[in-house]
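Chemist: Next comes the sequence, and after it the predicted model I'd like to discuss.
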Amino acid sequence: VVTILDDDPINAPPTVQFTSSYLKVNESSTAAIISVSLSDIADDEVLVGYRTEDFTALNEDTPENDYVHAMGMLVFAPGETVKSFEIIIQGDTRQEDPIELLRVYLFDPQNASLGGPQSALVYIMDNDYSDYGDLSLLHFEVPNISVVEDVEEGTVTFVLYRTGDTSSFETVEWTTQYGT
C-alpha cells in the first residue's frame, strides 16, 4: 500500500516540461524542433534552461558530427504556455547506425518547477539506410500523466508502445522521482 500525503502549497507554481518524451527526425532535416510547455498560465515570467547531450549521436567538431550542441534559456512571458527551440541536424553520406540518439534536458526553472518529462530523446533516422523494418522503437502512449494526490486507488497506468520489429526480447528500465 502506498499513501501519498498532500504537502503542496495552495498556489503552487506551474510545472515546465517537454511536450513529448521523444522526437523522430530524418537526418536530411535541417533541424529538430523541440517544444516545452507550462502546466498552467503563469502570472510571472518563467525561465528554464535546456541543453543537449550525446547519446549515440555525436556532437564533435568534425564533418561527421550528427548535430550541433544546443544550450540556452527559454523565457515564457506571463500568459504564454508553449515555447520551442531548434537543434541543428547535420546530415552526411557515411554508413552509420540506422538510428542515432541524443538526449535533451531541462534544468534550473525559475518561477516554476520541473514536471515530466524533464528529458527527451531525439531519434535521428539515417537517410542513407533503407531498411527500417528490422528496428524497434519504444515510446509512451502520452508524454505527461497527471493524477490528483488523494486518488482512492493510488495507482497510475503507463502504456509503453513498441513499434517496428517486435520479434525479439527487449527490457525497459524505469524509475520514479520525488517531486514530479
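Modeler: Here it is on my side, so go on.
Chemist: From now on I want contacts and neighbour counts done on CA atoms only, so please keep to that.
Modeler: Fine.
Chemist: neighbours around Ser21, how many?
Modeler: 21 (other Cα atoms under 10 Å).
Chemist: Okay, it and Leu106: tell me how far apart.
Modeler: 12 Å (Cα to Cα, to the nearest Å).
Chemist: Quickly list what's touching both of the two.
Modeler: Ser119 (Cα atoms under 8 Å, 6 or more residues apart in numbering).
Chemist: Can you find the helix or strand in the chain with the smallest mean pLDDT?
Modeler: strand 136-140 (a mean of 65; mean pLDDT, DSSP states H and E).
Chemist: Quick check: which ranges of this structure have low pLDDT?
Modeler: Confidence mapping of the chain against pLDDT under 70 gives the ranges 1-10, 60-64, 92-97, 127-157, 161, 163-169, 174-180.
Chemist: how about the strands of it, start to end?
Modeler: For the chain, applying DSSP state E gives strands covering 15-18, 22-26, 31-38, 46-54, 71-76, 82-88, 99-110, 113-114, 119-125, 136-140, 160-164.
Chemist: What is the fifth one packed up against?
Modeler: For strand 71-76, the helices and strands in contact under the criterion 3 or more Cα pairs under 8 Å, 6 or more residues apart in numbering; DSSP states H and E are strand 46-54, strand 82-88.
Chemist: would CSV of those with mean neighbour count be doable?
Modeler: Putting the helices and strands packed on strand 71-76 into CSV (neighbours: other Cα atoms under 10 Å) gives the following:
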stretch, mean neighbour count
strand 46-54, 19
strand 82-88, 16
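Chemist: Relative to Ser28, which of those is closest?
Modeler: In terms of Cα to Cα, the element of the helices and strands packed on strand 71-76 nearest to Ser28 is strand 82-88, at 10.8 Å.
Chemist: Include distance to Glu173 when you put the strands of the chain into TSV, please.
Modeler: Output for the strands of the chain, formatted as TSV (distance: least, Cα to Cα, whole Å):
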stretch	distance to Glu173
strand 15-18	20
strand 22-26	16
strand 31-38	24
strand 46-54	20
strand 71-76	27
strand 82-88	27
strand 99-110	16
strand 113-114	21
strand 119-125	15
strand 136-140	12
strand 160-164	12
